[in-house]
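**Q** let me see the structure of the following:
(one chain, ligands or ions: 2)
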Amino acid sequence: MSPDTEVGSNIIKPKTIYLKDYAPAPYKASHINLVFELFEDKTIVRSEVLYIKNPDGNSSTLILNGQDQTILSVEIDGVAFTGYMLADNQITINEAGEKFTLTITSEIHPETNTALEGLYKSQGTYCTQCEAEGFRRITYFQDRPDVLSIFSVRIEADKSKYPVLLSNGNLVESGELANGRHFTAWNDPFPKPCYLFALVAGDLVRIEDTFKTMSGRNVDLHIYVRSGDEGQCDHAMQSLKKSMQWDEEKYGREYELDLFNIVAVSDFNMGAMENTSLNIFNTKLVLAHQETATDTDFMSVEGVIAHEYFHNWTGNRVTCRDWFQLSLKEGLTVFRDHEFSADMNSRSVQRIDDVDHLRRFQFSEDASPLAHAVQPDNFIEISNFYTMTVYEKGSELIRMQQTLLGEDTYRKATDLYFDRYDGHAVTCDDFVQCMADASGRDMSQFFLWYKQAGTPSLIASSQYDEEQKQFTLTLKQSQADTPGQTNKKPLLIPVAVGLLNEQGIETHPTQVLEMTEREQSFTFDNVKTRPVPSILRGFSAPVKLTTDLSDDNLRLLQLSDTDGFNKWEAGQTIALRTIERVMADSEVDISQFIDDIGIMIQQGLNNKGDKALLARALSLPAIAVIAQTQDVIDPAAIDSARTHILKAIKRTHKDALLRLYKDNLSMGEFSISPEAMGRRSLKNTVLELLTVTNGSGCAALAKAHYDHADNMTDRVAALACLSDSTQPEREEVFTDFYHRFKDYQLVVDKWFSLQAIANRDEIFDDFAKLRNHAEFNIKNPNRVRSLYSAFAINNPVKFHDPSGQGYAILRDAIIELNAINPQIAARQVTPFREWKRYTPELQAKMKDALQAIMDSGNLSSDVFEVVSKSLN
Ligand code: ARG
Ligand code: ZN
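**A** Ligands and ions are numbered 1, 2, ... in the order given. Next up is the predicted model:
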């Protein structure tokens with residue numbers, strides 16, 4: 001069924017929007033004055049906008065978007081006005097004139113808004129989420145990112161309930177009103193699109209600090225949280241200061257206002273939002289303390305605080321012309337936050353983790369019916385395009401441009417970009433043009449990366465000419481068809497290559513080969529003996545690489561490559577090959593692989609090398625990563641091969657592993673330095689290997705680990721090791737954990753997740769209990785993710801249980817969520833979208849689940865789009 005098909009007689013057919021239809025806004029709205037009167041049972045919004053006909057526009061029809069609000073009055077230049085049409089969530093005014101002031105007063109209901117878009121309430125605090133199209137739920141406006149306005153905002157509310165009243169920009173006035181009410185007034189001097197508007201009203205406490213900018217100005221930094229959470233904000237504040245400093249040093253970008261606010265709320269559809277000078281965050285990405293947050297949480301907080309701060313320049317000062325350009329700000333900002341994290345921590349570890357994430361989630365998106373280009377050319381619901389492709393693949397496209405230009409020229413190009421476009425709404429094409437102009441390169445072939453969906457495949461074969469002392473690398477690229485795209489053109493692929501000799505010594509340092517043809521050969525001279533090439537160093541392009549390297553070649557790279565990423569990658573490739581062999585024949589001899597693991601354990605015992613890297617080297621690829629290499633996905637078969645190997649590792653190396661575990665049972669003061677995190681990561685990876693058999697000894701070891709833990713990373717590791725167990729310790733530890741942390745919502749989320757991922761027979765009964773638990777709340781996105789996403793994504797064996805029970809769980813949740821929160825409902829469809837790649841039995845059941853959602857009626861455009869496209 002095509003997305004344009006009518007699905008039921010009383011259902012409005014969702015409309016597809018096309019990039020090719022872009023036209024400039026007919027009217028400019030250079031100033032907007034907003035007044036909010038917040039009451040318990042309603043909010044009154046008055047907006048006053050001066051509209052001036054846009055000389056670049058080609059229409060005199062003013063169209064204002066608006067949704068879920070009741071119009072109380074409309075005036076033009078102070079006189080009541082009725083000459084407008086109201087239909088399909090739009091006000092249309094034909095022949096609206098050259099210049100006029102339009103004042104609209106309407107009533108909205110944040111107190112019953114469960115979609116968490118527009119103005120809503122989270123645990124008593126009013127907050128907003130306007131990106132992408134939430135502003136239309138606040139007032140009637142041209143809700144599109146190319147309309148830039150100076151915002152003046154006045155907020156009135158009860159003073160005792162809402163002592164804190166915030167909006168963007170500078171506080172210009174505040175004061176008392178009758179009936180215990182008060183007000184504040186804000187002005188943001190920089191014109192911005194309405195998706196960056198924000199408002200907060202609540203009873204919050206604030207943590208303060210300051211930052212001195214490169215030109216010597218002091219910026220006040222405030223983080224607002226619920227009372228009781230103020231002790232968990234230090235890491236976020238430090239991360240913010242480091243981000244501000246890094247952006248000055250690496251990109252020459254200074255913050256321009258005198259105040260920067262962050263507010264943390266418990267109910268949030270995404271991670272965080274970069275509203276100008278008033279970032280609103282999911283508490284999960286602000287609060288962090290050793291007792292309640294894992295190392296992964298600390299890293300996420302640092303990365304997302306940076307991400308939202310970096311948006312100030314890449315997103316806010318220079319914004320998107322339309323939503324097809326989303327990657328203009330998101331791809332670039334993800335790249336910036338990844339590089340920031342690499343500079344703050346370990347570069348190799350960061351790259352390994354980022355690529356692992358890309359492979360798990362973006363590669364699978366690119367291989368699904370929802371595959372789309374980084375710059376898509378159509379959508380039904382833009383919320384569905386906040387994807388791994390737009391964000392993570394988009395970031396890889398920026399990384400490749402930096403690789404092709406070199407760091408210095410890339411910096412010149414970004415300087416040019418900010419210079420040329422500050423205060424403008426632009427396109428991905430404009431960004432790439434700056435790369436071209438600064439470097440003198442033609443970037444037109446590179447731009448195909450933005451337009452062609454699908455993960456390219458790259459096949460490398462090598463040839464050595466003994467006589468000529470030449471080594472030739474032949475590369476072949478191809479890109480499979482994706483929905484609406486066939487016969488793709490060859491891409492410009494930067495392939496970073498170095499050569500090692502048979503002793504593992506690097507003879508030829510990294511060179512970036514620029515591949516432009518479908519098939520191309522590159523010759524290296526002065527190669528004295530047959531080399532081992534290290535190809536695609538640092539994962540220089542987001543492709544699926546296949547090489548003709550032997551296992552021995554890979555082992556040499558694993559031991560000796562100078563590139564940290566490829567050292568890890570070589571080990572993963574050997575592991576993938578070994579898993580393949582076991583899947584084909586469970587009796588196959590894997591002793592060589594198991595012995596190699598023994599060598600690495602020995603290196604750890606001799607304290608050689610980076611512990612974080614060793615932890616990653618000792619980890620087998622996740623089921624989701626292995627699945628990407630399979631023609632037909634059978635999660636249970638992957639799991640049993642994987643577990644077979646893990647058990648062999650434990651059986652063969654138990655004593656050495658125990659020693660390595662004990663060596664790394666760190667004592668002393670808790671720290672989140674890369675070394676300390678690396679040690680915990682190694683210790684917990686070893687614990688996982690030691691407890692893979694789930695017997696009584698495993699449970700005792702995991703419980704002891706839990707009892708000795710002084711931090712959340714170790715506690716969660718212990719719980720994860722007990723999750724599949726049926727030993728009595730499981731219950732004891734989970735119960736203790738719940739009682740100890742029941743006042744910490746984010747930790748209770750972990751308690752839900754760690755049970756939802758249990759690969760054990762009791763899971764379906766357990767799941768029903770968790771779903772009915774007093775602390776489960778389907779309206780809270782974090783709780784939904786902690787139960788349903790944890791199950792459907794991180795428990796592949798039980799989600800894909802042959803009975804179909806796992807699918808039924810998710811199907812019912814999506815139908816229920818569709819009526820509550822369409823964005824969250826649509827996200828939950830993700831685990832179903834690759835249904836065609838599974839075994840015929842699983843395929844049929846997944847398809848049935850999708851069809852049942854389709855037939856359930858009254859689908860939001862969000863859910864309609866992803867389900868109908870998945871079924872296509
Ligand atoms: N711009 C935000 C960020 O990446 C994401 C907001 C997405 N919101 C949404 N409703 N899809 O930082
Ligand atoms: Zn972003």
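
**Q** am I right that L554 is in contact with A570?
**A** Yes - using C-beta atoms under 8 Å, L554 is in contact with A570, at 4.4 Å. For the C-beta atoms, the positions are set from N, CA and C on the backbone; glycine is no exception.

**Q** for ligand 2, what are the nearby residues on the protein?
**A** By C-beta under 5 Å from the ion, the part of the chain that sits against ligand 2 consists of E330, T333.

**Q** mind redoing it with 8 Å?
**A** Contact residues, the chain versus ligand 2 (C-beta under 8 Å from the ion): A272, E274, H307, E308, H311, G315, K329, E330, T333, V334, Y391.

**Q** any idea how far the first one is from Q592?
**A** In other words, A272. Computed as C-beta to C-beta, to the nearest Å, the A272 to Q592 distance reads 46 Å.

**Q** okay, stretch 751-768 in CSV with CA atoms only?
**A** This file holds the C-alpha atoms of stretch 751-768, laid out as CSV (Å, rounded to 0.1, in the frame of the first residue of the first chain):
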residue,chain,number,x,y,z
TRP,A,751,15.6,-2.0,37.0
PHE,A,752,12.9,-2.4,34.4
SER,A,753,15.4,-2.8,31.5
LEU,A,754,17.6,-5.3,33.2
GLN,A,755,14.7,-7.6,33.7
ALA,A,756,13.3,-7.0,30.2
ILE,A,757,16.5,-8.3,28.6
ALA,A,758,16.4,-11.6,30.4
ASN,A,759,16.9,-14.5,28.0
ARG,A,760,15.1,-17.1,30.2
ASP,A,761,11.8,-19.0,30.0
GLU,A,762,10.1,-16.9,32.7
ILE,A,763,10.4,-13.7,30.6
PHE,A,764,6.8,-13.6,29.4
ASP,A,765,5.4,-13.9,32.9
ASP,A,766,7.9,-11.5,34.2
PHE,A,767,7.1,-9.0,31.4
ALA,A,768,3.4,-9.1,32.3
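
**Q** and that stretch, average pLDDT?
**A** Stretch 751-768 carries an average pLDDT of 98.

**Q** stretch 784-800 too?
**A** 98.

**Q** may I see the buried residues of stretch 110-121?
**A** Of the residues in stretch 110-121, P110, N113, T114, A115, L116, E117, G118, L119, Y120, K121 count as buried by neighbour count, 16 or more other C-beta atoms under 10 Å.

**Q** now do the same contact list for the fourth one.
**A** What it means is A115. If you count contacts by C-beta atoms under 8 Å, 6 or more residues apart in numbering, A115 has them with R137, I820, N821, P822, Q823.

**Q** what lies in contact with the helix or strand hosting the last one?
**A** Secondary structure here is read from DSSP states H and E; on that basis Q823 sits in helix 822-827. Surrounding helix 822-827, the residues in contact under the criterion C-beta under 8 Å, 6+ apart are 115-117, 269, 381, 383-384, 781, 784, 789, 814, 817-818, 860-863, 865-866.

**Q** return the distance of it from the chain's centre.
**A** Mean-position distance between helix 822-827 and its chain equals 15 Å (C-alpha atoms, centre = their mean, to the nearest Å).

**Q** interface residues of the stretch 151-300 of the chain facing ligand 1?
**A** N269, M270, A272, M273, E274 (C-beta under 6 Å from any ligand atom).

**Q** so where's the stretch 551-700 of the chain shaky on pLDDT?
**A** Within the stretch 551-700 of the chain, no stretch falls below the threshold (pLDDT under 70).

**Q** neighbours of the one residue in the stretch 101-250 of the chain that gets nearest to ligand 2, how many?
**A** For the stretch 101-250 of the chain and ligand 2, the shortest gap (C-beta to the ion) falls at E131, measuring 8.8 Å. Applying other C-beta atoms under 10 Å, we find 25 residues neighbouring E131.
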